[in-house]
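Trainee: here is my input, please return the structure:
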Amino acid sequence: MGPLVQGFSKSLAMTVLSEIGDNTFFAAAILAMRHPRRLVLSGCMCSLIVMTIFSAIVGWAAPNVVSRKWTHHITTLLFFVFGLLSFKDAIFEEEEDELAEVEEKLNADNKANSGATKDNKVDVDLKRNKQPFFNPIFLKAFSITFFGEWGDRSQLATIGLAADENAIGVVLGGILGQALCTAAAVVGGKSLASRISEKMVALSSGILFIIFGTQSFLSPIES
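Mentor: Next comes the predicted model:
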């Protein structure tokens, strides 16, 4: 398996398991229930593409600042830590209705910013607007996703992968994974959310991170 394909497959698997059922997944699903799907999908995807590319650049540049040996060890440690944290989430944390929690938070934000009448008027105006990148809904989807992903495990794992794997493969795999998850959230998020077991997702993520960590630990350090 070539470096690009290996980076691509690792990033794709990690992204799908990390993003399915997280807060930004549910936020995209809820926004798509209330607003035009194309605006929500484009806003979320633009945000996730920017975040993936930024994370990969940071990971790719890291060996130029810190030695390849140290970035390799740090990446290996991160994978094991994330794996153990995911196992902890799967075993000890109670299953919660995260969809309802995110929906409640978005409702609170809507009430703070504007009333329901204003929201409806915005929707009508947006359908007539031919410049989606300046739409409030596009910007809302972009900002919620961007700040929701900032500093979470998937971003840090992407940085670690890009430091240890082919950065282009990591970007392509990450973007494809994000596209699949976001499309699933926008098209059938509420139905899919009711079938998601957070414990199973956390357990699967933990297994994947431990596999990545073991492979990294056993791999020779490239000079």
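Trainee: the longest helix in this protein is where?
Mentor: Secondary structure of the chain read by DSSP state H shows that its longest helix is helix 37-65.
Trainee: mind listing what's buried in it?
Mentor: Neighbour counts over helix 37-65 (16 or more other CB atoms under 10 Å) mark 39-48, 51-53, 55-56, 58-60, 62-63 as buried. For every residue, glycine as well, the C-beta is placed using N, CA and C.
Trainee: show me where this structure has its helices.
Mentor: Using DSSP H, helices in the chain cover 3-19, 23-34, 37-65, 68-92, 98-113, 116-128, 136-149, 153-164, 167-193, 198-218.
Trainee: rank those helices by pLDDT, which is bottom?
Mentor: Averaged per stretch, pLDDT over the helices of the chain is lowest on helix 116-128, reaching a mean of 46.
Trainee: just name the most buried of the helices of the chain.
Mentor: helix 153-164 (a mean of 25; mean count of other CB atoms under 10 Å).
Trainee: which outside residues touch it?
Mentor: By CB atoms under 8 Å, 6 or more residues apart in numbering, the residues outside helix 153-164 that reach it are 7, 10-11, 14-15, 18-19, 22, 51-52, 55-60, 62-63, 71-72, 74-75, 78-79, 82, 85-86, 149, 170-171, 174, 209, 212, 216.
Trainee: angle of that helix against helix 23-34?
Mentor: 120 degrees (axes from the mean of the first three to the mean of the last three CA atoms, to 10 degrees).
Trainee: now the angle from helix 153-164 to helix 136-149?
Mentor: 70 degrees.
Trainee: roughly how far is helix 153-164 from the heart of the chain?
Mentor: Helix 153-164 sits 12 Å away from the centroid of its parent chain (CA atoms, centre = their mean, to the nearest Å).
Trainee: now the most centrally placed residue in the chain: closest residue in space, sequence neighbours ignored.
Mentor: Taking CA atoms, centre = their mean, the centroid of the chain lies closest to residue 19, which sits 4.5 Å from it. In space, and not counting its chain neighbours, residue 19 is closest to residue 181: 4.1 Å by CB to CB, 6 or more residues apart in numbering.
Trainee: residues contacting the one you found?
Mentor: Applying CB under 8 Å, 6+ apart, one finds that residue 181 lies in contact with 15, 16, 19, 20, 25.
Trainee: and residue 93, how many neighbours?
Mentor: By other CB atoms under 10 Å, the residues close to residue 93 number 11.
Trainee: so what's it scoring on pLDDT?
Mentor: In this model, residue 93 carries a pLDDT of 70.
Trainee: now it: how far from residue 186?
Mentor: Going from residue 93 to residue 186 by CB to CB, to the nearest Å gives 27 Å.
Trainee: again with residue 26
Mentor: Counting by CB to CB - residue 26 and residue 186 are separated by 12 Å.
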